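Novice: predicted model and sequence below, questions to follow.
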Amino acid sequence: MKHRIILAIAMMAMVFVACENGKKGDMTPDQRFDGYRDRFIEDLWRLEPVWASMVGYHAYDSVLPVPGPERTDEQLRFCLSHLDSLATFKEEELGRSQQMDLRMMRDHLKATIWGIQTFKEHDWNPSVFNVANALDAVINSTHAPLEERLTTLRGRLRSVKQFYASARTMVKDPTREHTELAIQQSRGTLDLIGPWLTDTIVSCALTDSVKKLISTDLDSARKGIEGYISFLENDWLPKLQTKARSPRIGKALFAEKFSHDINSVHHAQEVFEMAIAAKTDLHQRMDSLTRQLWPKHMGKMAMPADSLKAIRMLIDTLSHVHAQPDSFLQAIERQIPELNRFVTEKDLLTLDPDKPLVVREEPAFMSGVSVASISAPGPYDKDRETWYNVHPLTGMEPARAESYLREYNSYILQILNIHEAIPGHYAQLIYNNRAPSIIKAILGNGAMVEGWAVYTERMMLEAGYGNNSPELWLMYYKWNLRTVCNTILDHSVHVLNMNEEQALDLLMRQAFQQEAEARGKYRRAVLTQVQLSSYFTGFADIMQLRDEVRKAEGNAFSLKRFHEEFLSFGSAPVRHVSEIMLSGRSKKD
Ligand code: ZN
Ligand code: ZN
């Protein structure tokens with residue numbers, strides 16, 4: 001369920017309101033705001049050229065900012081001055097879209113200041129210093145011919161050495177875990193600009209003298225990265241074996257990071273308690289479905305007294321219903337039109353895609369993080385189609401392929417398609433593309449995006465998808481339990497000092513996961529903070545908003561209208577969407 005989607009949210013219909021015509025005095029507050037917002041975006045890209053390249057804005061592709069106190073000051077000045085400018089607008093004078101932009105811009109600036117002044121990740125996480133994205137966004141892009149991109153790349157390559165020299169001075173109190181991660185990821189960056197790039201330069205159409213210049217810059221960049229790796233390996237790692245800062249960030253920082261990144265209706269502690277309650281509820285539902293389904297699938301075999309064991313045995317049996325390696329992609333492809341039909345027939349959401357979803361084999365460079373993912377066009381390459389990448393199972397070692405296929409069995413595959421495609425991520429993107437401002441795409445909220453996809457799984461089953469099959473419900477609950485346990489794990493690791501053994505008990509015994517998945521999840525929880533909580537929090541916030549809107553509207557409530565109004569805000573935080581949607585309704589009563 002890890003997605004590459006968070007930054008790459010599509011913005012197909014980008015319309016800038018031209019407000020330079022007409023004098024300032026003639027402008028409506030919305031026009032004045034729109035003009036300011038466009039300047040804000042320009043300033044943002046000048047300050048953050050790597051981020052710009054990653055979303056497909058290529059004007060600053062040759063620039064690589066060097067970390068250090070000067071850059072930090074520049075970022076702070078940017079935030080403070082734009083917070084001042086934002087304060088000159090009165091929210092109540094602005095339209096809904098502008099109000100939302102204003103809130104999202106303000107949140108982003110405040111979160112950035114908090115990161116610099118309080119969280120200080122640069123001090124303790126050496127993996128934040130990595131030029132992979134900066135180089136990848138130029139090398140592996142298709143926006144310009146290869147020769148032009150290689151020439152542009154020189155600008156960045158030339159700064160790499162200085163980038164890492166400065167990074168070394170900023171690493172103050174690293175954790176062992178993040179130091180190991182930084183070493184591993186820096187090796188990945190060396191691969192990214194490895195021998196294949198040398199070959200590419202040799203065989204391209206540039207002149208020999210230019211090729212030589214690029215190759216020299218490339219060598220220098222590689223030396224910079226190698227130097228950083230040996231600095232971490234030799235100067236830090238030995239010391240860190242005996243004594244090092246903990247990667248667990250503790251209660252106060254976790255709560256603050258949660259409020260900045262997730263931007264929920266609820267505090268971190270409340271969400272943790274909600275997740276614990278959800279786990280108990282899911283266990284009860286799964287227990288009663290298991291009792292109901294046991295004779296049908298397990299025959300005369302005695303049902304274990306331990307409910308969790310019985311559930312696991314039934315799930316293992318049901319997991320044998322699955323596609324074959326060579327029909328896996330087709331199984332996904334076939335379901336898309338069925339989901340489309342169901343959503344339309346049940347009147348859940350209007351679906352009229354500008355461009356159809358293209359199911360394809362995952363390209364090799366997107367190494368298998370997940371079995372399937374949506375890859376959406378960035379805000380600036382709006383003409384590209386949306387891909388549904390499926391990890392190829394043919395050619396995989398048979399035992400591994402079988403384990404994948406059991407995990408993504410015929411029941412779970414349907415839930416996955418709801419989540420990734422219709423009416424999950426892909427459908428949300430279509431609505432996001434219609435949102436009138438690019439801010440919602442650039443500063444899109446991950447908890448809203450994931451929360452929507454997780455919400456649609458429940459909503460579709462409630463609407464009768466799968467004919468209310470108890471087997472599908474059971475497997476859905478297992479899937480949903482993963483989301484719930486991600487939140488429990490995240491909070492427990494950072495706030496309650498949960499160790500690996502306790503984590504494995506939670507994920508394997510209580511959430512029915514395989515050991516490899518559970519160990520990988522524990523590692524991810526240690527290395528990241530808050531992101532694992534985004535799925536459940538977004539889901540819970542949307543469920544709550546739906547209840548409140550239904551209560552306010554009574555018999556007039558329409559699920560389709562709720563969905564479409566909710567999605568019309570683009571990928572905005574659910575907290576703000578809730579406030580704006582509910583404020584319109586409470587006045588009516
Ligand atoms: Zn099998
Ligand atoms: Zn997702």
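Specialist: Nice, I can see it. Residues are numbered from 1 along each chain as shown. Ligands and ions are numbered 1, 2, ... in the order given.

Novice: give me the neighbour count for Thr487.
Specialist: 26 (other CB atoms under 10 Å). The C-beta positions use only the backbone N, C-alpha and C, and glycine is treated the same way.

Novice: now whichever strand or helix holds it: buried residues?
Specialist: Remark: Thr487 resides in helix 470-495, with elements defined by DSSP states H and E. Residues 471-495 are the ones in helix 470-495 that count as buried (16 or more other CB atoms under 10 Å).

Novice: and ligand 2, which of those reach it?
Specialist: Here nothing survives when the buried residues of helix 470-495 are matched to ligand 2 using CB under 5 Å from the ion.

Novice: Arg71: which element?
Specialist: Counting by DSSP H and E, Arg71 is found in helix 69-86.

Novice: what's the average pLDDT for the helix holding Thr487?
Specialist: If you average the pLDDT over helix 470-495, you get 98.

Novice: same for it, what does it pack against?
Specialist: Judged by 3 or more CB pairs under 8 Å, 6 or more residues apart in numbering; DSSP states H and E, helix 470-495 is in contact with helix 250-261, helix 268-298, helix 307-318, helix 410-420, helix 446-462, helix 500-504, helix 515-527, helix 534-553.

Novice: where's it relative to the chain centroid, distance-wise?
Specialist: Helix 470-495 sits 17 Å away from the centroid of its parent chain (CA atoms, centre = their mean, to the nearest Å).

Novice: so, low pLDDT: which residues of the stretch 251-400 of the chain?
Specialist: Applying pLDDT under 70 to the stretch 251-400 of the chain flags the ranges 364-370, 382.

Novice: go again using 50 as the cut-off
Specialist: Applying pLDDT under 50 to the stretch 251-400 of the chain picks out no residues at all.

Novice: Arg550 against Phe557, yeah?
Specialist: Yes - counting by CB atoms under 8 Å, a contact exists between Arg550 and Phe557, whose distance comes to 4.6 Å.

Novice: before we move on, back to that, which residues are in contact with the following helix or strand past the helix holding Arg71?
Specialist: Downstream of helix 69-86, the first helix or strand assigned by DSSP H and E is helix 96-114. With contacts defined as CB atoms under 8 Å, 6 or more residues apart in numbering, helix 96-114 is touched by 29-30, 33-34, 37, 40, 75-76, 79-80, 82-83, 86, 89, 91, 94, 256, 260-261, 263, 435-437, 439-440, 443, 445, 569-570, 572-573, 576-577, 580.

Novice: how many residues are close by the residue in the stretch 401-550 of the chain that ligand 2 sits nearest to?
Specialist: With CB to the ion, the shortest gap between the stretch 401-550 of the chain and ligand 2 falls at Ala453, namely 4.3 Å. A total of 27 residues lie near Ala453 under the criterion other CB under 10 Å.

Novice: check what pLDDT the closest residue to it other than its chain neighbours gets.
Specialist: Spatial nearest neighbour of Ala453, chain neighbours left out: Gly424 (3.8 Å); criterion: CB to CB, 6 or more residues apart in numbering. Note on Gly424: pLDDT of 97.

Novice: how about Ala8?
Specialist: For Ala8, pLDDT reads 35.

Novice: please apply the same query to the one 3 residues further on.
Specialist: Here the pLDDT value assigned to Met11 is 33.

Novice: now the phi/psi pair for Met396, please.
Specialist: phi -80, psi 150 (degrees, to the nearest 10).

Novice: surely it touches Pro325?
Specialist: Yes - Met396 lies in contact with Pro325 (CB under 8 Å); the separation is 6.8 Å.

Novice: got the domain ranges for this structure?
Specialist: Following automatic domain parsing, one finds the domains of the chain at 28-47+68-124, 129-240, 260-567.

Novice: residues contacting Glu420?
Specialist: 372-374, 388, 426, 453.

Novice: distance-wise, check it relative to Pro325.
Specialist: Distance of Glu420 to Pro325, given as CB to CB, to the nearest Å: 20 Å.

Novice: what's the spacing between the nearest residue to Leu192 once chain neighbours are set aside and Thr189?
Specialist: Using CB to CB, 6+ apart and skipping residues adjacent in sequence, the residue nearest Leu192 is Ala132, 5.7 Å away. Relative to Thr189, Ala132 is positioned 4 Å away (CB to CB).

Novice: okay, those two: which has more neighbours?
Specialist: Set side by side, Ala132 and Thr189 show more neighbours around Thr189, with 22 against 17, by other CB under 10 Å.

Novice: between the helix or strand harbouring the more buried one and helix 515-527, how many degrees?
Specialist: Following DSSP H and E, one finds Thr189 within helix 176-192. Angle, helix 176-192 to helix 515-527, by axes from the mean of the first three to the mean of the last three CA atoms, to 10 degrees: 110 degrees.

Novice: check which element follows helix 176-192 along the chain.
Specialist: Immediately after helix 176-192, counting by DSSP H and E, sits helix 195-203.

Novice: how far out from the middle of the chain is whichever helix or strand comes after that next one?
Specialist: The helix or strand immediately downstream of helix 195-203 is helix 208-230, counting by DSSP H and E. In terms of CA atoms, centre = their mean, the centre of helix 208-230 is found 32 Å from the chain centre.

Novice: cool, stretch 510-527 as well?
Specialist: The answer for stretch 510-527 is 18 Å, by CA atoms, centre = their mean.

Novice: what does it rub up against?
Specialist: 177-178, 181, 247-248, 279, 283, 308, 311-312, 315, 403, 407, 478, 481-482, 484-486, 489-490, 493-494, 500, 503-504, 507-508, 532.

Novice: what residues sit buried inside that stretch?
Specialist: So stretch 510-527, judged by 16+ other CB under 10 Å, has buried residues 511-513, 518-519, 521-522, 524-527.

Novice: and the two most separated of those residues?
Specialist: Phe512 and Leu527 (23.9 Å; CB to CB).

Novice: if we can go back for a sec, go through the domains of the chain and pick out the most buried.
Specialist: Most buried of the domains of the chain, by mean neighbour count (mean count of other CB atoms under 10 Å): domain 260-567, with a mean of 18.

Novice: ok, the residue of the stretch 401-550 of the chain closest to ligand 2 touching His419?
Specialist: Yes - with contact defined as CB under 8 Å, Ala453 reaches His419; the gap is 4.6 Å.

Novice: find the residues that touch each one of the two.
Specialist: Joint contacts of Ala453 and His419 (CB under 8 Å, 6+ apart) are His425.

Novice: give me phi/psi at Arg245?
Specialist: According to degrees, to the nearest 10, Arg245 has phi -60, psi 150.

Novice: please name the residues that touch it.
Specialist: Arg245 neighbours (CB under 8 Å, 6+ apart): 124, 173-175.

Novice: again, only this time at 7 Å
Specialist: 124, 173, 175 (CB atoms under 7 Å, 6 or more residues apart in numbering).

Novice: thought the second one was touching Trp124?
Specialist: Yes - taking CB atoms under 7 Å as the contact criterion, Asp173 and Trp124 are neighbours in contact, 5.2 Å apart.

Novice: need the residues of the stretch 451-589 of the chain near ligand 2, please.
Specialist: Counting by CB under 5 Å from the ion, the stretch 451-589 of the chain sits next to ligand 2 at Ala453.

Novice: and the gap between Arg149 and Gly188?
Specialist: 20 Å.

Novice: equivalent analysis for Arg222, please.
Specialist: Applying CB to CB, the value for Arg222 to Gly188 is 13 Å.

Novice: about what we covered before: mean confidence for the helix holding Arg71?
Specialist: 98.

Novice: and that helix, what does it pack against?
Specialist: On a contact count with 3 or more CB pairs under 7 Å, 6 or more residues apart in numbering; DSSP states H and E, helix 69-86 meets helix 29-47, helix 96-114.

Novice: now distance to ligand 2 and mean pLDDT too, for the ones you listed, in JSON lines please.
Specialist: Converted to JSON lines, the helices and strands packed on helix 69-86 look like this (distance: least, CB to the ion, whole Å; pLDDT from 0 to 100):
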{"stretch": "helix 29-47", "distance to ligand 2": "26", "mean pLDDT": "97"}
{"stretch": "helix 96-114", "distance to ligand 2": "20", "mean pLDDT": "97"}
